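Chemist: What would the 3D arrangement of this be:
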Amino acid sequence: MKPFTVALGLAAGLYLSAGALEAEELRLGPGAPPTHPAHTPLYSTLTEELPKETGDALTGRILGPEVASVGNMKGALQSGVVQVGNLLPLYFPGDLPNAALMGDLAFLGRDPHVMGAAMTEYVVTCEDCQAEFDQLGAAFAGAGSSDVYVLLTTKPVRTPEDLKGLRLRSGGSPFARWAEYVGASPVNVPVGDTFEAMSQGVIDGTMGSAADLTSYRLVDLAEYVIDLPLGTYHATVNFAVNSDAWRSMSPDERRGFMRAANKANAAFTQSWGYERSDIARQEAEEAGLEFIEPDQELFDITDAFLEEDLEAVVGIAENQYGIADAEAKIERFQELVEKWTGIIDGVGHDPDAIAEATQKEIWDNVDYETYGM
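Modeler: You can find the predicted model right below:
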C-alpha cells in the first residue's frame, strides 16, 4: 500500500475516533439552587451518571435558577435555553392536564418511593400524557415525591375542634380542600414566604414537608409538629427532555439517558422524602418543638375526606382539565399505587434497589426507537 494511502487512512481513523469520543453536553435546568433536592441530589446525580451510562456520549452542565426557574421552565425548554428541565405539571395544567390531575390525588400518598414510582409508570403508560408531552415539545423521563406532609403550627392540634378557624398555608388545591373540609382556613402563600407569613401572624402554620423546618427555618417559629399524614407532592416531572435534544440522541443514548435519570429519580425521592425530613425532625426536637400525634378522630376525618375527595377530583378533571375519562384514569393510578406498595414492601427502601425495580418494571419495557418521538 502506498504511504499516502496509509496516511490518509490513519488520518480518517483518528478523525472518526475523535468524533466518537466527543461528548454531547446537555444544558440542564433543575430550577433550584444547590441547597434544594432538585439540584442536589437530583441533577447532580444525573451529571454523574450520564457519562457512565452512555459510554461518555452524553454529559451535562447544570444551569442556575437565574437562567431557568420552575416558573419559566416550560418556555426555557421550548426555546432550547435548557435541554433537560425540572417541569412541574401543576404550574402548567393547561399543557399537561393528565399529569396535573395526579397532583390532585395527593392524599393517596403514604410512601414517597411508592408515589414517585406510581407517577412515573402512570405517565409512561398513559397515551394521553404522552400526547401532551409531544405537543409541549418534550419527552418525560421520570418523577419523584416529597415526604408525607404534616402540620407545622404555632398552636397545638389534637382534636378536630383545634383545627376550626386555624389559618394554614396551602401548597395546592387538594390541601386547600382538606383544610376547608376540617373547618380550617387555607391561605395561598408561596412556600418561600411561609416564614414571613408565620412571623407576622398571617397564618398559624402550614401544611407541608417536615423538611421545611430547616429549608425555610420554620424551626425558629413553629412550636408544634402535628403528625397527621396529609399526602405527598408527587406530580413532578423531574426530567423533561427537549424534543430536539431527545431526537438527536441514538436509541442507545436514549436508553442510557433513562438509566441515569432513573437512578437520579430514586436518589431525589430518598433525599426529599426521607433524609431531609429526618434531619429536620432531629433539629426540631433539639430546638424544643413538641411532636403531637392527634386523636384518632382526626385520622378518621382525614380518611373520610380522601374517600369523598376522590369523587370531587373526577368533577375537577372534567370541568377544569377537560378530561372525560377521569374516573378510569384515577382508578388506574390507584392500581399503580397498590402495585408499587407491594413492590416497595418487597425490595425495601434502599434507593439502589428501588432504582433497579423501576428500571425493570418501567424503563426496560420502553421502545427507545419510538418513545418520545
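Chemist: Domain map for this structure?
Modeler: 24-145+234-282+337-365, 150-230+293-306 (automatic domain parsing).
Chemist: low-scoring pLDDT stretches of this protein, where are they?
Modeler: Counting by pLDDT under 70, the low-confidence segments of the chain come to 1-21.
Chemist: if we can go back for a sec, any idea which of the domains of the chain is most buried?
Modeler: Comparing those by mean neighbour count (mean count of other Cβ atoms under 10 Å), domain 24-145+234-282+337-365 comes out on top with a mean of 21. C-beta here means a position set from N, CA and C on the backbone, and glycine is covered the same way.
Chemist: can you redo the domains of the chain as CSV with distance to Val314?
Modeler: What follows is those, written out as CSV (distance: least, Cβ to Cβ, whole Å):
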stretch, distance to Val314
domain 24-145+234-282+337-365, 10
domain 150-230+293-306, 13
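Chemist: Nearest to Glu327, out of those?
Modeler: Within those, the stretch nearest Glu327 is domain 24-145+234-282+337-365; the backing value is 11.2 Å (Cβ to Cβ).
Chemist: Nearest residue to Val225 in space, please, no chain neighbours.
Modeler: Spatial nearest neighbour of Val225, excluding adjacent residues (Cβ to Cβ, 6 or more residues apart in numbering): Phe291 at 4.9 Å.
Chemist: in a helix, that's where the one you found is, yeah?
Modeler: No. Using DSSP: H, G, I helix; E, B strand; the rest coil, the secondary structure at Phe291 is strand, not a helix.
Chemist: For the remainder of this discussion, apply numbering that starts at 45.
Modeler: Shifting the count to begin at 45 puts that one at Phe335.
Chemist: quick one: it and Leu272 touch, right?
Modeler: No. Using Cβ atoms under 8 Å, Phe335 is not in contact with Leu272; the gap is 11.5 Å.
Chemist: show me the contacts for the residue nearest to Val269.
Modeler: Phe335 is in contact with Tyr268, Val269, Asp271, Arg325, Ala328, Glu329, counting by Cβ atoms under 8 Å, 6 or more residues apart in numbering.
Chemist: can you do 10 Å?
Modeler: With contact set as Cβ atoms under 10 Å, 6 or more residues apart in numbering, Phe335 has these partners: Val194, Ala254, Tyr268, Val269, Ile270, Asp271, Arg325, Ala328, Glu329.
Chemist: Which members of those residues occur in helices, if any?
Modeler: Residues of these located in helices (DSSP state H): Arg325, Ala328, Glu329.
Chemist: The second one: neighbour count?
Modeler: Here the count is done by other Cβ atoms under 10 Å, and Ala328 has 22 residues near it.
Chemist: What's the end-to-end length of stretch 122-136?
Modeler: With Cα to Cα, to the nearest Å applied, stretch 122-136 spans 13 Å between its terminal residues.
Chemist: just stretch 285-305 next, same as before
Modeler: Distance between the two ends of stretch 285-305: 11 Å, counting by Cα to Cα.
Chemist: check contacts around the closest residue to Tyr87 other than its chain neighbours.
Modeler: Closest residue to Tyr87 apart from its sequence neighbours, by Cβ to Cβ, 6+ apart: Pro74 at 4.2 Å. Applying Cβ under 10 Å, 6+ apart, we find Pro74 in contact with 80-84, 86-88, 90, 106-109, 112-114, 117, 126, 128-130, 282-283, 312.
Chemist: can you give me the strands in the stretch 45-194 of the chain?
Modeler: Here the stretch 45-194 of the chain has its strands, by DSSP state E, counting those that start in this stretch, at 68-73, 102-106, 128-131, 182-184, 194-197.
Chemist: Turn those into TSV, columns for distance to Thr238.
Modeler: Output for these, formatted as TSV (distance: least, Cβ to Cβ, whole Å):
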stretch	distance to Thr238
strand 68-73	24
strand 102-106	26
strand 128-131	21
strand 182-184	30
strand 194-197	9
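Chemist: Nearest to Gly209 among these would be which one?
Modeler: Nearest to Gly209, of the strands of the stretch 45-194 of the chain and by Cβ to Cβ, is strand 194-197 at 12.7 Å.
Chemist: how near is the residue nearest to Asn232 when sequence neighbours are not counted to Ala220?
Modeler: Nearest non-adjacent residue to Asn232, counting by Cβ to Cβ, 6+ apart: Ser214, 6.1 Å away. Counting by Cβ to Cβ, to the nearest Å, the gap from Ser214 to Ala220 is 4 Å.
Chemist: so what sits against both of those two?
Modeler: Joint contacts of Ser214 and Ala220 (Cβ under 10 Å, 6+ apart) are Ala228, Ser229, Pro230, Val231, Asn232, Met251.
Chemist: Return the subset of those lying in strands.
Modeler: Taking DSSP state E as the definition of strands, these contribute Ser229, Pro230, Val231, Asn232, Met251.
Chemist: export those to CSV and tack on distance to Asp296?
Modeler: Output for these, formatted as CSV (distance: Cβ to Cβ, whole Å):
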residue, distance to Asp296
Ser229, 54
Pro230, 48
Val231, 50
Asn232, 46
Met251, 44
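Chemist: Just give me the closest of those residues to Gly138.
Modeler: For these, the nearest to Gly138 is Asn232 (18.7 Å; Cβ to Cβ).
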